[in-house]
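Q: Provided below for reference: sequence and predicted model.
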There are 2 protein chains.
Amino acid sequence: MKSANSPGPLVIIGGAEDKAEECSILREFVALSGGAKSNIVVIAVASDYPSQVGEKYVETFKRLGAKKVTVLDIRRREDANQDLAVESISKATGVFFTGGTQLRITRQLGGTAVDTELHRRHEEGLVLGGTSAGAAMMSSIMITGGIPSKSFRLGMVELGPGMEFISGVLIDQHFEERGRLRRLLSAIAQYPRDLGIGIDEDTAAIVRDGIMEVKGSGCVTIVDAGGLTFTNITQLKKNDILTMCGIKVHILADGFRFDLKNREPILPKPRDRGAQKSRRTKQGGS
Amino acid sequence: MKSANSPGPLVIIGGAEDKAEECSILREFVALSGGAKSNIVVIAVASDYPSQVGEKYVETFKRLGAKKVTVLDIRRREDANQDLAVESISKATGVFFTGGTQLRITRQLGGTAVDTELHRRHEEGLVLGGTSAGAAMMSSIMITGGIPSKSFRLGMVELGPGMEFISGVLIDQHFEERGRLRRLLSAIAQYPRDLGIGIDEDTAAIVRDGIMEVKGSGCVTIVDAGGLTFTNITQLKKNDILTMCGIKVHILADGFRFDLKNREPILPKPRDRGAQKSRRTKQGGS
């Protein structure tokens, strides 16, 4: 855990993270949460099968060395206003949100005592993790769904309020696997100040003090429409085809970092190039 | 047809273009080729079923008002050195390449008398069209294949020499439908002077005098890595994960244009905004 008065790290995972082998992402979440001293609470409210999904994470986090792991069972909003529920968040060193349907998270938790406690504790340093739906809900505005469509259309994305653990960004997950670049773009076209963060499966965007670092086997794609030179968005009706010019894109692999506030990648210094530690090789010219 | 001494238009189609309903793209190809005065040659060498595929285009182009349409049957390289074959290109006003396997086009035609005649006539104004494999082969370097992979890897794209009807670009097709952005990026990372042109299905990039115009129901994505601020490509081995920072992307719908030489979209003037003619609507503020 971080020192008081600085928000805790966010471990935002694109779904389908490794739970069986090296578990590098979940292992990092446990480590950030205090490792052998951690007290992790799993919130599976997004899932259709909260018990099974919750128990799977309990088993995994314990295997990865967490001291205490419990599932906070929230079926109705009342459950999220119980003193015992608030107390479990008060004592947690890390809280993890599973996948499922992101709207369930905001609808069941939004404005409850648990929600308030989550924000209070996160501001003080509580580590928050989430995968898939649990990733999408991290931002102030979240993508709640989207009509799969081959084309780039105004109505292809559905937006709603998120849990507001991070502002200025819009997160999409299963990013490359489900081909969601245009969905994310059609969302940020509506407010290009928001940076689009597209997270591949088994990949995490770990955010600390405004710096995002990539961890995992895929990539994090940063989509910056701040410098947009043209879009026809204001002329369109729902389902019309979008045009967007001058979008900046960064695709970052494991170990690379991005400064969310200054909207730029933190480039490795010439000496520590090749953030992929294990793969450094010398290439001969010919 | 264009006047002599100026290369003919290229109608580069992302595959699966409408052949049954409005046929806006193939209709445009016929019109550019001279409409009721056109003499169109179909080259189906890329296809596994050249006769059927060729005849389908003959039927379609005739239905769309072409005067004469023939299939140039090339099964072996010798066929592409016959006088009659060269003569059919000499008299054509438009030549259309079907889909299939792009390597078959370059291997069967490359360096033959038909190839030479195609280039000579195109320089003088002959219209060239191609869909899918027939689109990929238009550039100097072409994408010949690529391992489908969720990740962004150096070895995910295979490149080879194309037919060189247009230089400075790399074309990919079925672009959104097959999620090929990273494949195209991993190709242009190797030579960022080349602009990546990703063409959706039922969509054409029509190139005339260095200006590309979009036609069809999807989009053309222009990927410009000229301003790349960082890539780890030189440190990687095959199948390692790429990082690329500072890629510029433009996603253009029907009617929008792009200046390939100056690497920038041609933005509509305030008055002719809404290049999608049929869809202009006034949006009320509220």
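A: The structure has been received and is ready for your questions. Quantities reported herein were computed from a predicted structural model and do not represent experimental measurements.
Q: Surely A:Arg104 and A:Val45 touch.
A: Yes - between A:Arg104 and A:Val45 there is a contact under Cβ atoms under 8 Å: 5.6 Å. The way it works is simple: take the backbone N, C-alpha and C, and place the C-beta from them, glycine included.
Q: ok, these two, which is more surrounded?
A: A:Val45 (26 against 18; other Cβ atoms under 10 Å in any protein chain shown).
Q: what's near enough to touch A:Leu181?
A: For A:Leu181, the contacting residues are A:175, A:198, A:221, A:223, B:181, by Cβ atoms under 8 Å, 6 or more residues apart in numbering or on different chains.
Q: again with A:Asp194
A: A:139, A:141, A:168-170, A:187-188.
Q: Next, work out how far apart it and chain B are.
A: For A:Asp194, the distance to chain B (Cβ to the nearest Cβ, to the nearest Å) stands at 17 Å.
Q: ok, now how distant is the nearest residue to A:Asp194 once chain neighbours are set aside from A:Leu184?
A: Spatially, and ignoring its direct neighbours in sequence, A:Asp194 is nearest to A:Leu170 (4.7 Å; Cβ to Cβ, 6 or more residues apart in numbering or on different chains). In this view, A:Leu170 and A:Leu184 are 7 Å apart by Cβ to Cβ, to the nearest Å.
Q: any residues in contact with both of the two?
A: A:143, A:196.
Q: ok, and what's touching whichever strand or helix holds A:Cys245?
A: Per DSSP states H and E: A:Cys245 is located in strand A:244-252. Strand A:244-252 is contacted by residues A:185, A:189, A:214, A:219-231, A:233, A:258, A:265, B:152, B:182, B:185, B:242-252, B:265, B:267 when judged by Cβ under 8 Å, 6+ apart.
Q: how far off strand B:244-252 does that strand point, in degrees?
A: Between strand A:244-252 and strand B:244-252, the angle comes out at 150 degrees (axes from the mean of the first three to the mean of the last three Cα atoms, to 10 degrees).
Q: quick one: buried residues of strand A:244-252?
A: A:244-252 (16 or more other Cβ atoms under 10 Å in any protein chain shown).
Q: Rounded mean pLDDT for it, please.
A: Average pLDDT, strand A:244-252: 97.
Q: Specify the next element, helix or strand, located C-terminal of it.
A: Past strand A:244-252, the next helix or strand by DSSP H and E is strand A:257-259.
Q: Which neighbours in the sheet does that next one have, and how are they oriented?
A: Under the criterion DSSP bridges, strand A:257-259 sits next to strand A:211-216 (antiparallel), strand A:264-266 (antiparallel) in its sheet.
Q: Deepest in the core, which of those is it.
A: Among the strands paired with strand A:257-259, strand A:211-216 has the highest mean neighbour count (mean count of other Cβ atoms under 10 Å in any protein chain shown), at a mean of 22.
Q: Mind putting the contacts of A:Leu181 into TSV with secondary structure, distance to B:Pro161 and pLDDT?
A: Listed next are the contacts of A:Leu181 as TSV, based on DSSP: H, G, I helix; E, B strand; the rest coil; distance: Cβ to Cβ, whole Å; pLDDT from 0 to 100:
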residue	secondary structure	distance to B:Pro161	pLDDT
A:Phe175	coil	33	95
A:Gly198	strand	34	98
A:Thr221	strand	31	98
A:Val223	strand	33	98
B:Leu181	helix	23	93
